[in-house]
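A.B. asks: sequence and predicted model, in that order:
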Amino acid sequence: MPIYNVQHDKDPSDKIFTKAADLSEYEVFNSQVLVGVYVRPEKSKGGIITITKTRDEDKYQGKVGIILKMGPNAFRDPNGVWFSGSRFAVGNWVVFRASDGWAITLPLAPGVSPDDTDIDGKGFLCRLMDDTAIRMRIRHPDAVY
């Protein structure tokens, strides 16, 4: 059950993956994880409009994102301490502390029109982080606020 009931015109994961398009040019090293930051929609299901300042906080202090790409050793722990039995994959929604990731902006895919969740209309916000900085996996991005 979402904690913040918003109206999605498009599936949030599809929206982020459409913006990212082909990530083959990006090589994520070792145990790093590239996460696309989730910015909630402007309107709640009840019709309440979220102010721009609040949504801007999602861009810079957001705690939820979707795994876009992983390094070859991400979520692999030979000692079974960190990820015992856990399986993470591209497309998983994850929770993290914003300060644990390195904020980077990737260019929008060709032909994708920018929206108010993008940075200066040119790119979308991601975080590059260590796999151990990811604290949990969730089913939907609105499950955590």
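C.D. replies: Alright, I've got the coordinates.

A.B. asks: quick one, strands of this protein?
C.D. replies: 32-37, 64-70, 93-96, 102-107, 123-130, 134-138 (DSSP state E).

A.B. asks: elements contacting the fifth one?
C.D. replies: For strand 123-130, the elements it packs on are helix 12-20, strand 32-37, strand 64-70, strand 102-107, judged by 3 or more Cβ pairs under 8 Å, 6 or more residues apart in numbering; DSSP states H and E. Where C-beta positions appear, they are placed from N, C-alpha and C, glycine not excepted.

A.B. asks: and the contacts of it?
C.D. replies: Applying Cβ atoms under 8 Å, 6 or more residues apart in numbering, the contact partners of strand 123-130 are 16, 19-20, 28, 31-37, 39, 59-60, 65, 68, 96, 98, 100-108, 117-119.

A.B. asks: now, of those residues, which are buried?
C.D. replies: With burial judged by 16 or more other Cβ atoms under 10 Å, the buried subset of those is 16, 19-20, 28, 31-37, 39, 59, 65, 68, 96, 98, 101, 103, 106, 108, 117-119.

A.B. asks: mind checking which helix or strand of the chain has the lowest mean pLDDT?
C.D. replies: The least trusted helix or strand in the chain, going by mean pLDDT, DSSP states H and E, turns out to be helix 52-61, with a mean of 76.

A.B. asks: and it, what's buried?
C.D. replies: 55, 58-59.

A.B. asks: and the angle from it to strand 102-107?
C.D. replies: 110 degrees (axes from the mean of the first three to the mean of the last three Cα atoms, to 10 degrees).

A.B. asks: give me the residues contacting helix 52-61.
C.D. replies: Outside helix 52-61, the residues touching it (Cβ under 8 Å, 6+ apart) are 37-40, 42, 98, 103, 116-117, 119, 125.

A.B. asks: now for the residues you listed: which two are most distant?
C.D. replies: The span of those, defined through Cβ to Cβ, is set by 42 and 103 at 21.9 Å.

A.B. asks: check what pLDDT the spatially most central residue of the chain gets.
C.D. replies: With distances taken as Cα atoms, centre = their mean, residue 65 lies nearest the centre of the chain, 2.1 Å away. We have a pLDDT of 96 for residue 65.

A.B. asks: mind listing what the residue of the chain positioned farthest from its centre touches?
C.D. replies: For the chain, the largest distance from the centre (Cα atoms, centre = their mean) belongs to residue 79, which lies 27.8 Å off. Residue 79 sits next to no residue when contact means Cβ under 8 Å, 6+ apart.
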